[in-house]
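1. Return atomic coordinates for the entry below.
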Amino acid sequence: MELEGMHHITMITGDARKNVDFYSGVLGLRLVKKTVNFDAPQAYHLYFGDEKGSPGSILTWFEFAGAAPGNPGAGMIHTIQLGVPSEASLEFWAHRLADNGHTTEAVDGVLRFADFEGLQYELAVADPGNPRLQAEHPEVPAEHAITGVQGVRAFATHEIDADRELLMGALGFTEVAAGEYVVEGGGVRFRFGYDPHPGYGGREGTGTVHHIAWHSRDEDHEGWRERAGAAGAQVTQVIDRDYFKAIYFRQPQGILFEIATTSPGFAVDEDPGHLGEELRLPAQHEHRRAQLEQILKPLGDPRANSAQPPTS
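-> From the prediction side, this is the model:
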């Protein structure tokens, strides 16, 4: 039994329209699902990824309009690492981000930048063994398109190895250096690393990571729940999230972990060629559709609005 890398990472945004404009319009990801927060259906929950909505490509956001900016600190993920095909791709993205008003910094083989709310990213040449989980965008050539999420970095809360036993013993991570781990399963290599305590606590808000979800085969899901519980984690019951089943627990460093299944996937309620085009509601909120459609502001589709062909 092994985790197959990351399933998705979920963040907080204060503006769904700007979120779509940046992640679909600038980064060229596909908006694969437009739905709502199960617990707060008046708020969007947006999913972006590759053309198929594959686990490992998915970045999601809860929209809390007008929320205060957050600040990643101890016990929080502070940087998301995205893959690109080549060194030439880093140059392409440096120009594209600059053309769209975003400052970049090339350091040690990676290109650093932040989104419009300050969420930190690194672009790096992807591990050659990882699948290319790419979206199509008229302004982003396929040879430079983002290939999926390659890793994350977090700030430790106290001892950098505080969750070592859980990660290695229960979840099957491999330690490659102190505070540095990889998850290798299903042909995917995903990096999970810590930086020392920054000297201050974090504040959840816009531009911060809410949780990270690991990818489980359907048949292994209950087994992961048992393993995490046996390691001392307070694990939720299995929760049906419509597009996957999920369990949640807070690990010793304070980061919220989720383990999500492969099935049924994002095409369970939409044609694969039209993912993300219509507002999809959880069954428990479908009776409120008319009300929610009045509350939720319409979102544009930057890919549909762009007429420029891709250039190298």
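
2. so who does the closest residue to residue 263 other than its chain neighbours touch?
-> Excluding the flanking residues, the one nearest residue 263 by Cβ to Cβ, 6 or more residues apart in numbering is residue 218, at 5.1 Å. No exception for glycine: its C-beta is placed from N, CA and C like everyone else's. The contact partners of residue 218, by Cβ atoms under 8 Å, 6 or more residues apart in numbering, come to 245, 261-263.

3. make it 6 Å
-> Shown in contact with residue 218 (Cβ atoms under 6 Å, 6 or more residues apart in numbering): 261-263.

4. Need those residues in CSV (columns: pLDDT).
-> Output for these, formatted as CSV (pLDDT from 0 to 100):
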residue, pLDDT
261, 98
262, 97
263, 96
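
5. Would you check how far apart residue 20 and residue 297 are?
-> 11 Å (Cβ to Cβ, to the nearest Å).

6. Between those two, which is the more surrounded one?
-> Applying other Cβ atoms under 10 Å to residue 20 and residue 297 shows that residue 20 carries more neighbours, namely 24 against 11.

7. what sits against the more buried one?
-> residue 299.

8. residue contacts, residue 134?
-> Residue 134 neighbours (Cβ under 6 Å, 6+ apart): 50, 145, 147.

9. Ignoring the adjacent residues along the chain, who's closest to it?
-> Leaving aside its sequence neighbours, residue 134 sits nearest to residue 145 (Cβ to Cβ, 6+ apart; 4.3 Å).

10. Let me know the helix or strand that that neighbour is in.
-> Residue 145 belongs to no helix or strand when assigned by DSSP states H and E.

11. Check what pLDDT it gets.
-> Residue 145 is assigned 98 on the pLDDT scale.

12. Determine the number of other residues adjacent to it.
-> 23.

13. And it, how far from residue 116?
-> 21 Å.

14. how much space between residue 161 and residue 267?
-> Distance of residue 161 to residue 267, computed by Cβ to Cβ: 40 Å.

15. same thing with residue 184?
-> Separation of residue 184 from residue 267 (Cβ to Cβ): 27 Å.

16. again, but for residue 258
-> Relative to residue 267, residue 258 is positioned 21 Å away (Cβ to Cβ).

17. Which one of the two is surrounded by more residues?
-> Legend: neighbour count by other Cβ under 10 Å for residue 258 and residue 267, higher for residue 258 (22 against 16).

18. For the more buried one, which non-adjacent residue is spatially closest?
-> Nearest one to residue 258, counting by Cβ to Cβ, 6+ apart, is residue 213 at 3.7 Å.

19. ditto for residue 119
-> residue 207 (4.6 Å).

20. my read: the one you found touches residue 116, true?
-> No: judged on Cβ atoms under 6 Å, residue 207 makes no contact with residue 116 at a distance of 8.5 Å.

21. residues near residue 195, how many?
-> 13.

22. Oops, could you answer that again for residue 260 instead?
-> With other Cβ under 10 Å as criterion, residue 260 counts 22.
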